[in-house]
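**Q** Predicted model follows, preceded by the sequence.
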Amino acid sequence: MVCRWSLSEYWGMSKPDQPAPFADNWAYLKTELNWLDRMLMMAVSRQKRELREVDDFATSMEDRVTSHWWKGIIAVNRTTGYDNAQPPKSTKGKTGSYSQQLEARIQASRQQGIVLALPCLKEQLQLSQFEKNVILMALAPEINQRFGRIYSYLQYQHDESDWDLPTVNLCLRLLCRNDQEWRRSRPLVTSSSRLLELGIVEWVNSDDTTLLSRHLRVNESLSSFLLAEAPDPGAVESLLEGTASGWGESIVTHDTPDDVWDSLILPEPQLTQLSTIATTAAMAHPAHPLVLFHGASGTGKTKAARVIAAQLNLPLITLALSQLSASSVEPLLDEVAALPPCVLVLESAHHWLGRTPTLDVTLIHQLVAQIRDPHHQASEDAQPGLVILTTHYLQAIRPSWRQQLDGIIEFPHPDEAARKALWHQAIPPDLSKDRHLSWTQLARQLPLTGGEIITLAQTAVGLAGQSDPPTLTAGCIQQALALHQPSQTFKMSKSKTPKR
């Protein structure tokens, strides 16, 4: 495919005030790749200009090696040049920015029933613009090798390299406009990000390298979907793979929780679902109910399991599937058979029930059956109990498994009202608080999960204890943020008396 098109194709607008739908998925890709091509050419131009500046002043190999140091001291005045890249053409007279016009065309295509694969994926998974563009950068060499050669030049300059895939560093460098965007975007390409957990993109060389040096490529099956002539929107879920590592510290943990319902801050529909599950689990069944909790880390899945276990007066037993090896299966069967009536939580359920299970499928079915009915009880001897599966993303669980579940509950990110309640709950009521500091301000400015709020609050409370008398101030919150959430900022307003 040739990646240079006319400006009219670049904008793709039939009339200044009326967006034209894309003819098909490839017409959309053509527009996106043209944008990527122009961005890369500008990056190539900047890099060549920097190399010329070094060549003009360097008189030895030592000068070239230390160029990053002395270029910060010597001011080099030079007229901007573009080499082979053309200067960006003015968009004066256009209605809205390029991204706004592109989105308008995507919406126009959707209204006419034209399926565009990448926007479809972005919408279904609620991906950010940065995540979408990372996928585009990783996909481009699958369409035209020219993109791979440009990546190689930008990453390794004149060094010979066979790599034709973008690194994490290149994606961040090209797609982030400033340091704040870089800090905000970096977590979106780490091992715990949804792009990696769902297998949308993969690391090619993940051993013995830094995160920034790792090369990214699109999952092969997903690549075929993104490049299809007529993509099937229903195929997205069947293509996603769960590859996340779990976060449990041990394979099996036991606890006797005493958490109460009032401590659970969730929307009313989720609370009603959880109450129904608890009622169902209290009844004697030959097989314990099997339910799925899905949502981002820190949204309340573990807390909900503790509350249900406390209501049922049953122990809470947690099994980290991510740390279960094939050699541990036989001992696990014996341990499951010896379990008392309990609430059993299977963390990182996609390791068993996802697209690429870590164990043989037949063995997984056997394990799940035994976990639900550990003693092969007859109905008259049945005992209360519950099995809870947890995962970050619903799409990481195979549809065939989802059909066998007795319930599915989504744990959303808390809204502002919920965050306010979480802050109020996380701070000890007997701790003095700066009168200018309010839960409303914290909730509005910091879009955090419940788990993140608890972590911040614990650190802030510890810092508050260092003053005499112990007082929680905005400074304590800001110090805690600098440690745990450096991309977040909090500014306290003193213009009026805050709501408490």
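**A** That came through fine.
**Q** So the nearest residue to residue 145 once chain neighbours are set aside: helix, strand or coil?
**A** The shortest distance from residue 145 to any non-neighbouring residue, by CB to CB, 6 or more residues apart in numbering, is to residue 164 (6.5 Å). In this view, the C-beta of every residue, glycine as well, is placed from N, C-alpha and C. Residue 164 falls in the coil class when you classify it by DSSP: H, G, I helix; E, B strand; the rest coil.
**Q** Count the residues that sit near residue 164.
**A** When neighbours are defined as other CB atoms under 10 Å, residue 164 has 18 of them.
**Q** OK, contacts around it?
**A** Taking CB atoms under 8 Å, 6 or more residues apart in numbering, we find residue 164 in contact with 141, 145, 147, 148, 149, 151, 152.
**Q** Emit the ChimeraX select command for whichever of those are buried.
**A** Command for ChimeraX that selects the buried part of the contacts of residue 164, burial taken from 16 or more other CB atoms under 10 Å:
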select :141,147,148,151,152
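**Q** for the contacts of residue 164, which one is nearest residue 388?
**A** For these, the residue nearest residue 388 by CB to CB is residue 141; the value is 41.8 Å.
**Q** wait, doesn't that closest one sit right on residue 151?
**A** Yes. With contacts defined as CB atoms under 8 Å, residue 141 counts as touching residue 151 at a distance of 7.2 Å.
**Q** How much space separates the closest residue to residue 455 other than its chain neighbours from residue 346?
**A** Excluding its sequence neighbours, the residue lying closest to residue 455 (CB to CB, 6+ apart) is residue 484, at 5.5 Å. For residue 484, the distance to residue 346 equals 28 Å [CB to CB, to the nearest Å].
**Q** Have a look at the two and say which one is more surrounded.
**A** residue 346 (24 against 15).
**Q** Name the residues of whichever strand or helix holds the more buried one that are buried.
**A** Assigned by DSSP states H and E, residue 346 belongs to strand 343-347. By 16+ other CB under 10 Å, the buried positions in strand 343-347 come out as 343, 344, 345, 346, 347.
**Q** Throw those residues into TSV and include distance to residue 217 and pLDDT, thanks.
**A** Shown next, in TSV, are these (distance: CB to CB, whole Å; pLDDT from 0 to 100):
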residue	distance to residue 217	pLDDT
343	41	91
344	37	91
345	34	92
346	31	90
347	28	89
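**Q** Of those, which is the nearest to residue 42?
**A** Nearest to residue 42 among those is residue 347, at 45.2 Å by CB to CB.
**Q** Need the contact partners of whichever strand or helix holds residue 183.
**A** Residue 183 is located in helix 179-185, with elements delineated by DSSP H and E. Helix 179-185 is touched from outside by 130, 172, 175, 176, 486, 487, with contacts defined as CB under 8 Å, 6+ apart.
**Q** ok now whichever helix or strand comes after that helix, how far from the chain's centre?
**A** Counting by DSSP H and E, the next helix or strand C-terminal to helix 179-185 is helix 194-197. Helix 194-197 sits 6 Å away from the centroid of its parent chain (CA atoms, centre = their mean, to the nearest Å).
**Q** Surely residue 448 is in contact with residue 457?
**A** No. Using CB under 8 Å, residue 448 is not in contact with residue 457, being 10.2 Å away.
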